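Student: Please find the sequence and the predicted model below.
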Amino acid sequence: MVVRGLVRLALVLYFALMLSLVGLRYLLVPQLDNLRPYLVQKISEQTGLQVQIQELKGDWQGWNPHLSVTNLSLAEPGQEPMLQLPKLQADISWKSLFSGSLQLRQLDVQGLTIPVRRDPQGQILVMGQVLDLNDESAPSEPEAWQGPVRWLLEQRGIRIQGMSLQWQDDMRGAPALHLPAIEWQIGYRQGWHEVNLATALPANLGESLALSLRVQGKRRLPENVDVLDLPWEMTAQAKAVDAPALRPWLDVPVALDRGWVSMRAQASQPKAEQTIQMQLLAQVRDMAVLTESEDRLQLEQASLELEGGLNDLQALAQGKQSGDVQWALAMTGFGLRVPDLFAQYLAVDQLNARGTVHRDEQARLSVSKMNLALRNPDLDAQLTGSWREDAKFEAGVADWQGQFKHLNLAALVNYLPLTVNPLAREWMQAGLVQGAVRDGTIRLQGGLDTFPYGLSPKDGSFEVAGRLDDGIVDYQPARPKRLAWPRLEGVQGSIRMHNDNLDIVAQQARMPIAKQQDIALRDIQTHITSLEQNSFLKLEGVSQAPATSYLALVHQSPLNALLDGLLADSRVKGDWTVPINLQIPLDNADDTQVQGQIQMSNGEFQYMPEAPSFTALSGELAFSEKGVSARTLTGKMLGGDTQISGVLEPGKPGLQLNGVLTAQGLEQYLELKGVQRLHGQTPYKVLMKLDAKSSFSFGVESDLTGLALNLPEPFHKPAERAAKLKADWSSDSAAKMDRLQISLEDRQTFLLNLLHAQGSRQGSYFQSGSMGTPGLVNWPKRGLELHSRHDRMDLDAWERVVEEFGQNLDGSPLTPSDRPLLPLLERVRLQADQAFFRGQVLDQLEMESTEDAAGRLFLRLKAKQAEGRLQAQHQDGRYTGMFNANFSHLYLDRGRPDWAWPDAEQPMNDDLLLPAISFKVDDLQIQGVRFGKLEVKGKPAGKGAKWTLENFSLNAQGMQLHGYGSLALTGPQRGLELVANSQVSNLGQFVDVSGLLTESIKDGDGTVQAALFWGDFPWSFDKRNIRGQFNVDLRKGRFISLKSRSAKLLELLSLQSISRLSRLDLDLFGAVKEGFAFDSLTGRMNLSQGKLELDNYQIKGPAGAISLKGWVDIKDETLDLIAVVDPNLDMSGAAIAAYFTVNPMVGVGALLTQWLMQIPMSSHLSVTYAVTGKIDDPQLKELEVPAVSAAKQEKQPRVEP
């Protein structure tokens, strides 16, 4: 019965429940919207809020009721809505009837908007309600919030979609931040209660934010289970957030220029009694950080991972004692610029590091078990070790060691801090140019504040070592106003840096020299001490190369300054081996110390191009920054053996050369024709010194014994006679001038002073000089001067000697040098008791000439035979403009003194260019004949190929001559062409005053015309090259003293003819006893090839007439003439008697003929002679019949006047 009753009760309850459900489903749920006003009112009364629902619907999803709410809003009375819910849908589980609480199968909320605002006072309002995080009245016990949490976790599905969050921060004054797409899901899956919250970020801020919470437990949590005791996992994630873009709403560091950050934080607690474990992963890309101190960090991509207990992480961040936290760091494209710590930008292509970090009982941070792999173009290294904070060292204490596969030597300085000496850093920056350090080790142990421990070795130790390949070490780089030492290249060896000392040991290297063969080095040791302070470089090694490479090394390095430029113009040959030692203070390279030895065998050395060469050099020459020294150095110079010994250093005795020079060796050295005037050999000594101020000087001495000087007086010397030769070179560093003084003491002394400007490369090597007689020689500032005073001076001979010293051995002129040795001769002062110049003797000579910088030449000449002034313009070795010469007197005489050199006159240069010339002489005498006043004026024409004689005049008492002509300077017909016309007013006066024929001619007037061509003049003075014609027409004169050559011939001819009548005892000599008078003297003379042809040359006078025809050889002074003499007889008794006495028949005939036909009887007395012999001793031979000169048979060309 009981059972049956129970069954019945169950059936009743079942049908009652079914009826209730059917009523609820079909009667109540569909009518929910009708109940909406009632529900809104009840909710408003319960909450105190103004509630509005636009629509409320209900239906069934299977056994589960489904509710739909549209446009639900909540607002404070009279305020704007604080919450607006466009749509809410819920599926209520039918199991809620038995659970005693609302169970949702699914809850969907869409379009929820949550406004959040922070007012200016800092209060946060959520949906208009103040959120007070510090409200102590809010329940804090777990029981107060575990119920709602438990209820949320038990729901099968809650989903809020399209939720938006609006954040308005009035306190910061930031623009509104809108997150329009927030999704929130709550569910249960595979034994885990899951809560997920995610949102997309605005495009200008990043990608997304997400939060996930998972709690492990049963679908329905028992009431006795504490939620906090359940295993849980929570993950927070931010993807690709533009950190600087968040600056309006968050306190993003100002130093962060740019950077995209992704973060993932995971926390978990498997058991309640266990510590919460944290994993933090931060990833950054394209980040740049710049601080006010210009510290700058750049990253292409990096990730940092931290793993440890939450408590440890919190303690670590708060500076408290903590346990170990694992960390891992990976970076690519990392760059760091810290101007206060490193001078250069540090770049890392790839960095991977991991280890642990903790704080000890004193809260000091410590990193241990560190493994680091670093790779960039400069370095590929792996390090292990630790680091910890230390009270003594602000940067901490490190203990690292490791290996590297590759280290770029040039980049080593980039990884040294600025605490290293700036000069040392500068040296490493410029000096370690190239090289790969391979298979090396790194060790660092100590406090980082004093790294690299050069000044504080007790604080730690640092060492880098490895094998060096293809290194380039520029151990003394160039600096402003200072040359560099040539660097070492191809260095093969090892390198070690210990603290602040750097050592490079190389088995081989080379020193490149510009335009020369490299210098090879071996056994090289380079050591730099104390990079942090008073850095010092020391280099030792053995080098070998051609001598030219070492000389180039001097020119291209500070050695040139250390040696005071002594080898600036030197030349060398041969191969040298040079052990070398360099010690260079890096903070004062001027104090560099150099030591070495040049080992030579059969080498050559020439101090300067103008100096003689040392050949066959053998031995050792030591050198240092102070100078050079030699002990057993031998060689040859100027044809003789030379020994070199001594020390050339400031304050030391000097370097001495003892040798012998030969004339042949001097000739081979100078290659000048003039040196051939020296014969023999002589010993000499040379001493080179440096004074206390390092000024260079040298001296040369020789007595010239054994050397003959074939020079003009007063310096002609036989070999056996001694003559003291001395040369002294001194340098004045303050004035930057060098002085050379050369003296030759023989019967007379010659002195030469020369000045050289140190460092000058312009103009001649010696900028000025003076030479000549001591007491007259000085030190001019520019140009070359000659001041001499001698008893006798053969200027022609000295000109010949000077010209020979300007010729090659074959006599050809020297090629002009790019830089002449001597400056131009600008001033000459000569004095001589007797001089010989251009074939003329000049007594009591005083000559002075000057040439200024513009080339204006002034010359003054004073002597017994000549006195005058010359003025000309000199340019590029030639005369330009007008050449003016004015002489008060000029006496020319071709006499040669017995002391003058024979054949010393110089031939004329074929390349003759004459300027315009104005030549005047007030008193001209030629070989004792006074010609009066001479004026000549001419100018060049035809582009210098011809010179025109515009005017030629000679004014003397009784005679004036005027002419013109030209001088051809090129071509086969070069020479002088002259046309002259002489007006004779008183021939007797002219010959008396001039001294030509004193008291030989009286009276006489007329003209003499001449047209001449002197071929190859003035290159040759051969009279046979003269050709031309003279026309003579003189009247009314008398030869009163038959002393001249022509008058003597007339005398012989007249006396020979008259003597035939002497048998009559008549006074026939009366006609000539008062001299030979002439009424006319006419004729034509043709000159050619040195012979003067007399054509129709007639002299007529009271005594008779003489006709001359034939030739006179001017050069040989011989005669070849036919002379016809016709005595002049009138009708006196003597004449008739003479005719009848001789031949009565003839006398009668002649008398009748003369009377009747007016034919002189004298024609029957005409006599013809052949005149031969010398002009001074003519020979006459009477001829029976007229003869013709043999020379007349050859007609010569004539030049008509």
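Tutor: Right, received. Where do you want to start? Only a predicted model underlies this, so the values are computations on that prediction, with no experimental measurement involved.
Student: okay, now the residue lying closest to residue 479 once chain neighbours are set aside: neighbour count?
Tutor: Of all residues not flanking residue 479 in the chain, residue 589 sits nearest, at 7.4 Å (C-beta to C-beta, 6 or more residues apart in numbering). The way it works is simple: take the backbone N, C-alpha and C, and place the C-beta from them, glycine included. Neighbour count for residue 589, taken as other C-beta atoms under 10 Å: 18.
Student: My guess is residue 589 contacts residue 477. True?
Tutor: No - contact criterion C-beta atoms under 8 Å: residue 589 and residue 477 do not qualify, at 9.5 Å.
Student: For the stretch 301-450 of the chain, which segments count as strands?
Tutor: 325-337, 346-359, 365-376, 379-388, 397-408, 432-447 (DSSP state E, counting those that start in this stretch).
Student: OK, contacts around residue 122?
Tutor: residue 171 (C-beta atoms under 8 Å, 6 or more residues apart in numbering).
Student: Okay, it and residue 76: tell me how far apart.
Tutor: Distance, residue 122 to residue 76, using C-beta to C-beta, to the nearest Å: 21 Å.
Student: Same check on residue 383?
Tutor: Taking C-beta to C-beta, one finds residue 383 at 65 Å from residue 76.
Student: try residue 511
Tutor: Residue 511 is 92 Å from residue 76, by C-beta to C-beta.
Student: Counting neighbours, go ahead and name the busier of the two.
Tutor: Per other C-beta under 10 Å, whichever of residue 511 and residue 76 has more neighbours is residue 511, with 22 against 13.
Student: For that one, which residues count as its bridge partners?
Tutor: residue 519 (DSSP bridges).
Student: hang on, isn't it packed against residue 556?
Tutor: No - counting by C-beta under 8 Å, residue 511 does not reach residue 556; the two are 10.3 Å apart.
Student: hey, what's in contact with both of those two?
Tutor: With C-beta under 8 Å, 6+ apart, residue 511 and residue 556 have common neighbours residue 486.
Student: Now do the contacts for the nearest residue to residue 698 once chain neighbours are set aside.
Tutor: In this structure, residue 698 finds its nearest non-sequential neighbour in residue 688, 4.2 Å apart by C-beta to C-beta, 6+ apart. Residue 688 makes contacts with 648, 654, 655, 656, 657, 696, 697, 698, as judged by C-beta under 8 Å, 6+ apart.
Student: Residue 441 too?
Tutor: 401, 402, 403, 404, 463, 464, 465, 466.
Student: Residue 1030 bridge partners, please.
Tutor: residue 1010, residue 1085.
Student: Tell me how far it lies from residue 1021.
Tutor: 20 Å.
Student: Who has more neighbours out of these two?
Tutor: Set residue 1030 next to residue 1021 and count neighbours by other C-beta under 10 Å: residue 1030 wins out with 21 against 13.
Student: Verify the stated contact: the more buried one with residue 1084.
Tutor: Yes - Residue 1030 lies in contact with residue 1084 (C-beta under 8 Å); the separation is 7.0 Å.
Student: Residue 721 - how many residues pack around it?
Tutor: 15.
Student: how close does it sit to residue 506?
Tutor: For residue 721 relative to residue 506 (C-beta to C-beta), the value is 63 Å.
Student: now the strands: where do they sit in the stretch 1-150 of the chain?
Tutor: 50-61, 64-75, 81-92, 104-110, 113-118, 124-126, 129-131.
Student: show me where pLDDT drops low in the stretch 1101-1201 of the chain?
Tutor: 1128-1165, 1185-1201 (pLDDT under 70).
Student: And the strands in the stretch 801-950 of the chain?
Tutor: Under DSSP E, counting those that start in this stretch, the stretch 801-950 of the chain gives strands at 825-837, 840-851, 856-862, 866-875, 878-892, 916-926, 929-941, 946-956.
Student: Of all the ones you listed, which one comes closest to residue 684?
Tutor: strand 825-837 (28.2 Å; C-beta to C-beta).
Student: Tell me what angle the closest one forms with strand 866-875.
Tutor: Counting by axes from the mean of the first three to the mean of the last three C-alpha atoms, to 10 degrees, strand 825-837 lies at 140 degrees to strand 866-875.
Student: so how far is residue 177 from the closest residue to residue 130 other than its chain neighbours?
Tutor: Closest residue to residue 130 apart from its sequence neighbours, by C-beta to C-beta, 6+ apart: residue 123 at 5.6 Å. Distance, residue 123 to residue 177, by C-beta to C-beta: 18 Å.
Student: Check residue 1030 too.
Tutor: Distance from residue 1030 to residue 177, by C-beta to C-beta: 131 Å.
Student: and if you look at residue 1107?
Tutor: Taken as C-beta to C-beta, the span from residue 1107 to residue 177 is 148 Å.
Student: What of residue 1032?
Tutor: Following C-beta to C-beta, the distance that separates residue 1032 from residue 177 is 136 Å.
Student: and these two? which has more neighbours close in?
Tutor: residue 1032 (20 against 17).
Student: okay, now residue 281: neighbour count?
Tutor: 16.
Student: which stretch of helix or strand covers it?
Tutor: strand 277-290 (DSSP states H and E).
Student: Residues contacting that strand from elsewhere in the structure, which ones?
Tutor: With C-beta under 8 Å, 6+ apart as the criterion, strand 277-290 contacts 253, 255-269, 295-310, 313.
Student: Partner strands of that strand, with direction?
Tutor: Applying DSSP bridges, one finds strand 277-290 paired with strand 256-269 (antiparallel), strand 296-309 (antiparallel).
Student: re the thing from before, for the strands of the stretch 301-450 of the chain, please prepare JSON lines with the additional fields mean pLDDT.
Tutor: Output for the strands of the stretch 301-450 of the chain, formatted as JSON lines (pLDDT from 0 to 100):
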{"stretch": "strand 325-337", "mean pLDDT": "87"}
{"stretch": "strand 346-359", "mean pLDDT": "89"}
{"stretch": "strand 365-376", "mean pLDDT": "91"}
{"stretch": "strand 379-388", "mean pLDDT": "91"}
{"stretch": "strand 397-408", "mean pLDDT": "91"}
{"stretch": "strand 432-447", "mean pLDDT": "90"}
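Student: Between those strands, which one is closest to residue 87.
Tutor: strand 325-337 (47.1 Å).
Student: buried set for the closest one?
Tutor: Of the residues in strand 325-337, 325, 327, 329, 330, 331, 332, 333, 334, 335, 336, 337 count as buried by neighbour count, 16 or more other C-beta atoms under 10 Å.
Student: Right, I'll call it a day here.
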